[in-house]
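> What follows is a predicted structure for the sequence shown.
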Amino acid sequence: MTELAVGQQLPERVFGPVTMTDIVRYQGASGDMNPMHHDDELARSAGFPAAFSVGMLGAGWLAGYCTEHLGEDTVRRFRTRFTGLVYRGDELIASGVVVRFFERDGEELVELEIALRKRDGVAVVLGSAEFVVRTPELVG
């Protein structure tokens, strides 16, 4: 991991274009088989232009983006909220910026503001994440 600084932006990562296979594979893995995510006719009958992605798929991509930079075993908090729908064909861009450094329970942490946006800039997942950047030395 490289040194981080407040205000530093992590390199962006592109996901997609989103496919029906991406959506259905996530549905199978998660057990969320809501047909709104794979049945275009049903989604249109409810007023949507087509079936749309499971929100947690985008949150999962965003979590993977964060852990690629800071590690899986350093995650302490990951919070997201869904702000838009994702349809097949959408390309999504993950981004993160360092907000602050702080200490809690003897660990030095970094807080990131994170986002997953469509190519046109519309946010579909927003959130924050906290990671350990340094653990206390073991006293022996």
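Done, it's in.
> Specify the local secondary structure of the spatially most central residue of the chain.
Nearest residue to the geometric centre of the chain (CA atoms, centre = their mean): Leu62, 1.9 Å. Here Leu62 takes the helix state, with states given by DSSP: H, G, I helix; E, B strand; the rest coil.
> so what's the nearest residue to it once chain neighbours are set aside bridging to?
Excluding the flanking residues, the one nearest Leu62 by CB to CB, 6 or more residues apart in numbering is Leu116, at 4.9 Å. For the C-beta atoms, the positions are set from N, CA and C on the backbone; glycine is no exception. Under DSSP bridges, the beta-bridge partners of Leu116 are Ala94, Val125.
> Leu116 and Trp61 touch, don't they?
Yes: proximity of Leu116 to Trp61 meets the contact threshold set by CB atoms under 8 Å, at 6.6 Å.
> between the two, what contacts are shared?
The contact sets of Leu116 and Trp61 overlap at 15, 92, 94 (CB atoms under 8 Å, 6 or more residues apart in numbering).
> where do the strands sit along this protein?
13-15, 75-82, 92-104, 107-118, 123-134 (DSSP state E).
> Let me have those in a markdown table, extended by distance to Asn34 and mean pLDDT.
Below are the strands of the chain laid out as a markdown table (distance: least, CB to CB, whole Å; pLDDT from 0 to 100):
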| stretch | distance to Asn34 | mean pLDDT |
| --- | --- | --- |
| strand 13-15 | 21 | 98 |
| strand 75-82 | 14 | 98 |
| strand 92-104 | 20 | 97 |
| strand 107-118 | 20 | 97 |
| strand 123-134 | 17 | 95 |
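> and of the ones you listed, who's closest to Cys66?
strand 123-134 (5.1 Å; CB to CB).
> Kindly export the closest one (C-alpha atoms) in PDB.
Output in PDB follows, covering the C-alpha atoms of strand 123-134 (Å, rounded to 0.1, in the frame of the first residue of the first chain):
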ATOM      1  CA  ALA A 123     -24.300   8.300  -8.700                       C
ATOM      2  CA  VAL A 124     -25.800   4.800  -8.200                       C
ATOM      3  CA  VAL A 125     -24.000   3.900  -4.900                       C
ATOM      4  CA  LEU A 126     -22.500   6.400  -2.400                       C
ATOM      5  CA  GLY A 127     -20.900   5.600   0.900                       C
ATOM      6  CA  SER A 128     -17.900   5.600   3.200                       C
ATOM      7  CA  ALA A 129     -15.400   3.000   4.300                       C
ATOM      8  CA  GLU A 130     -12.900   2.700   7.100                       C
ATOM      9  CA  PHE A 131      -9.600   0.700   6.900                       C
ATOM     10  CA  VAL A 132      -6.700   0.100   9.300                       C
ATOM     11  CA  VAL A 133      -3.600   1.800   8.000                       C
ATOM     12  CA  ARG A 134      -1.400   0.800  10.900                       C
END
